[in-house]
Every structure is written in structure tokens, then in C-alpha cells.
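Trainee: okay, here's the prediction I keep looking at, along with the sequence it came from:
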Amino acid sequence: MSIAPGSDFPPPRGDRPRVLSGIQPTFQLHLGNYLGALRHWASEQHSYDNFFCIVDLHALTVVPDPELVRSSVLELAALYLACGLDPGRSVIFVQSQVPAHAQLGWILECHTPLGWLERMTQFRSKAGTGRERERVSAGVLTYPDLMAADILLYNAEFVPVGDDQRQHVELCRDIAQRVNTLRGEVFRIPEPLIRATGARVMGLDDPTTKMSKSTALVKPAHAILMLDPPDVVRRKISRATTDANPAVVEPVGAGVANLLDIHAAIRGDSRADTVARFTGVSYGGLKQAVTDAINEVLEPVQARYRHWRADEAVLRTVLADGAERAGVVADATLLRAQRAMGLR
Ligand code: AQP
């Protein structure tokens, strides 16, 4: 944990370290979102002072359809609860319902050199080149400032994310440090919290790219979706890319490594133990074991999801209450930042 010396931030509730993380309500969530993020958020709620956000403003960079944004927010809220997030332990809220996010986002944009944003891997892969780049929304470029605002507003000590978000959290740290250097102690400097297994689940069709919602939308065989029924999981895993070997032998190829990693993450085993367990097992046997592990973990989540999704009134109450609690913390940080900028 690194807190700027001499800082006077409000202590986290109950003296537990504070975490903040979020997921975009874009398309359906996949196994990577679960193993890299959601599962840890839920299982470690008792250890932290938790803020979990549905980052709908970020979704505008990729999903312009208002109806889809609206329904995806409720779907995601139901999935948060189905995965075990407990509103009694965690503040669960929608980013756009706390105006301080957009307000601080602008302030941070004004303190971020353009080159830092242009160098981000996600921007480079999403923005393309030439004419393609001219059409991409400016939000794809400035997205990391909004994400930095999400984190910094809550004085978060840790940001539990998958490995793909490491660069964004590091940029957040750089931006916060820059503001602190220029304007005095404004922000607490957060740390990424990234696990040893499940932090980078790869595409089933192409194990050299990370499993992602946007790819799953155009290539269904790419990802296990959290709401996939058991037979769909079985079919997708049976078609997952492996290699020409008949059985698991080290060194394993990328596709087999991905299946082993998924199994290790779900069962809570180390990678080394998982490799030892499956060495010599046919790929058919490995795929069967991975399918069973996935279905075992997803089926109860899906049952709880159906329960929560059917009760929109409760979902809206949870989100309204979360926005109110989040707003109190966020507004205090925003005021501190505005004062440091000479705005108030
Ligand atoms: N493949 C993954 N393995 C482990 N963790 C992952 N996360 C995302 N993909 C993996 C983690 O899930 C959280 C939410 O991230 P997100 O909303 O950005 O999800 P996404 O799947 O990355 O979404 P998109 O829309 O498909 O984005 P692109 O197209 O950029 O990949 C984060 O904690 C993330 O680390």
C-alpha cells in the first residue's frame, strides 16, 4: 500500500483497505471477467472496504444503443449480486449516477499529456490507423482519465482487476502523482491487485488474444459467457484450440496452457499442481475436466442471476442506495481536487 506522505485522507470504513473496481455494461460477461475480477471481489469482501461500479459512461465508447446500455446496466447489477456481492458489505453503484466521475475525469484530462494516452495499448489496438483513427470517438483516447477518476475519487488503496487493466492502473498512478506534484496532496496513490491465476483468460479460438466481450460478440466460439448453459459450455470447450500432441506434455502450447489455467483458477490450485495433475491426460480428458469445473461454478451463479434479474425494483433500490453512499465519498474528493485547482 502506498499513501503519499503527510496525506490526510479519510480513513476507510472499519480501517480495512479500500478497493474500487468496475465492469463495463457492454455485451455479455465472460469467464475472464469472472475469474479475473468478479469472483475475487465477492470472495474477499470481508477483507476490504468495497466500492464496485457499473461503468456505463465507459460503455458509451463502444455501445451507442441507449436501450442496450439501459438493459445491460440491470443485467450487470443482477450478475454482481448473483456472484455474491452483498450490498451490506459493498457499495454497488452506476458510474453515471455519481456526477463527480465525469467532473473529475475532465480535470484529470487537463493534467494528462496527450502522449501518455496515445501510447496506451488499448487505444492503439482499438483506434487503428489512418482513416479508421479519424472516425474513432475521442472517448476511446480519454477513457483512461475517466477510469483514473473512478479510482481516485474513492481514495482506493487497491484496484482488483485482470491483467489487461494493469497498464490503466499504472497510468492512473502516474496521473495522480503528477497532480500531487503540481497541486499538493490531492490523491491517494492506488495499487493494482492482480491474481496469479485467472488474471488473463485467453480466447478459446485464439489463445494468443485475451478473452474479451467485444470479440465474443462477433465470434461466439471465442468465449464462455457467464450465462452459457452447460451444453454450450461443453461444445465450446470441446472445440477450444489445442495442438497436435495427443496428451498434456510439457512444454504445453498456448491453448492447453489456457485450459490448465482456467482449471487452476476455478479449483484454486497452483499452476504447477494443475500441470502435474494433468500430465499424460488426453486432451479429451482435460477438456472434460475443464467443462465440469466451469459448469459447477457457473450453474449456481446462473440460478441466482435469474432470481435477481426478475426483480428490477430491488435492483434499482440497490443501485440508488449505492449511488447515494458513493456520492458522499466522491463529492468530498472532487471538492478537494477542485480546491487544489483553484476552482472553489
Ligand atoms: N480475459 C480476461 N481475463 C481475466 N480478466 C479479464 N477481464 C477482462 N477480460 C479478462 C477483467 O474483467 C474486468 C472487466 O473488464 P471489461 O469490462 O473491460 O471487460 P472486457 O472483457 O475487457 O470488455 P470488452 O468490452 O471486450 O473490452 P475489450 O474489447 O477492450 O477487450 C476487468 O477487471 C478486467 O481486467
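Mentor: That came in fine, so what should we check first?
Trainee: what is the burial count for Q97?
Mentor: As a burial measure, Q97 scores 18 neighbours (other Cβ atoms under 10 Å). C-beta coordinates here come from the backbone N, C-alpha and C atoms, glycine included.
Trainee: could you do A102 as well?
Mentor: 13.
Trainee: would you tell me which residues of the stretch 1-150 of the chain are close to the ligand?
Mentor: Neighbours of the ligand within the stretch 1-150 of the chain, by Cβ under 6 Å from any ligand atom: S21, I23, Q24, T26, G32, N33, L35, G36, A37, V62, Q122.
Trainee: which residues of the stretch 201-344 of the chain score low on pLDDT?
Mentor: By pLDDT under 70, the stretch 201-344 of the chain has no low-scoring segment.
Trainee: who touches whichever residue of it sits closest to the ligand in this structure?
Mentor: At 3.0 Å from the ligand, S212 is the closest residue in the stretch 201-344 of the chain, using Cβ to the nearest ligand atom. Taking Cβ atoms under 8 Å, 6 or more residues apart in numbering, we find S212 in contact with H30, G32, G203, H222, A223.
Trainee: out of these, list just those in helices.
Mentor: Using DSSP state H, the members of the contacts of S212 that fall in helices are G32.
Trainee: may I ask which two of the residues of the stretch 1-150 of the chain next to the ligand are separated the most?
Mentor: Maximum pairwise distance in those, criterion Cβ to Cβ, is 22.0 Å, between L35 and V62.
Trainee: make a PyMOL selection of the buried ones in the residues of the stretch 1-150 of the chain next to the ligand.
Mentor: Here is the PyMOL selection string for the buried members of those, based on 16 or more other Cβ atoms under 10 Å:
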select buried, resi 21+23+24+26+32+33+35+36+37+62
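Trainee: closest one of the residues of the stretch 1-150 of the chain next to the ligand to N50?
Mentor: After measuring those against N50 - Cβ to Cβ - the closest member comes out as S21, at 8.7 Å.
Trainee: which SS class is the closest one?
Mentor: Secondary structure for S21, judged by DSSP: H, G, I helix; E, B strand; the rest coil, is strand.
Trainee: surely it and V161 touch.
Mentor: Yes: S21 is in contact with V161 according to Cβ atoms under 8 Å; the separation is 5.9 Å.
Trainee: shared neighbours, the two?
Mentor: A37.
Trainee: let me see the contact set for R119.
Mentor: Contacts of R119 (Cβ under 8 Å, 6+ apart): none.
Trainee: circling back to that earlier point, turn the residues of the stretch 1-150 of the chain next to the ligand into JSON lines, columns for pLDDT.
Mentor: Below are these laid out as JSON lines (pLDDT from 0 to 100):
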{"residue": "S21", "pLDDT": "98"}
{"residue": "I23", "pLDDT": "97"}
{"residue": "Q24", "pLDDT": "94"}
{"residue": "T26", "pLDDT": "86"}
{"residue": "G32", "pLDDT": "97"}
{"residue": "N33", "pLDDT": "97"}
{"residue": "L35", "pLDDT": "97"}
{"residue": "G36", "pLDDT": "96"}
{"residue": "A37", "pLDDT": "96"}
{"residue": "V62", "pLDDT": "82"}
{"residue": "Q122", "pLDDT": "90"}
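Trainee: I266 contacts D292, doesn't it?
Mentor: No: if you go by Cβ under 8 Å, I266 and D292 don't touch, sitting 9.7 Å apart.
Trainee: those two: which is more packed in?
Mentor: Higher neighbour count among I266 and D292: I266, with 21 against 16, using other Cβ under 10 Å.
Trainee: what about the more buried one, which helix or strand?
Mentor: helix 254-267 (DSSP states H and E).
Trainee: give me the contact list for the helix or strand following that helix.
Mentor: Remark: after helix 254-267, the chain's next helix or strand is helix 271-278, criterion DSSP H and E. Residues from elsewhere that reach helix 271-278, judged by Cβ under 8 Å, 6+ apart: 196-197, 248, 250, 252, 260-261, 263-264, 267, 269, 285-286, 289.
Trainee: buried stuff in helix 271-278?
Mentor: T274, V275, R277, F278.
Trainee: determine which two of those residues are furthest apart.
Mentor: V275 and R277 (7.3 Å).
Trainee: any idea how far V179 is from D145?
Mentor: 11 Å (Cβ to Cβ, to the nearest Å).
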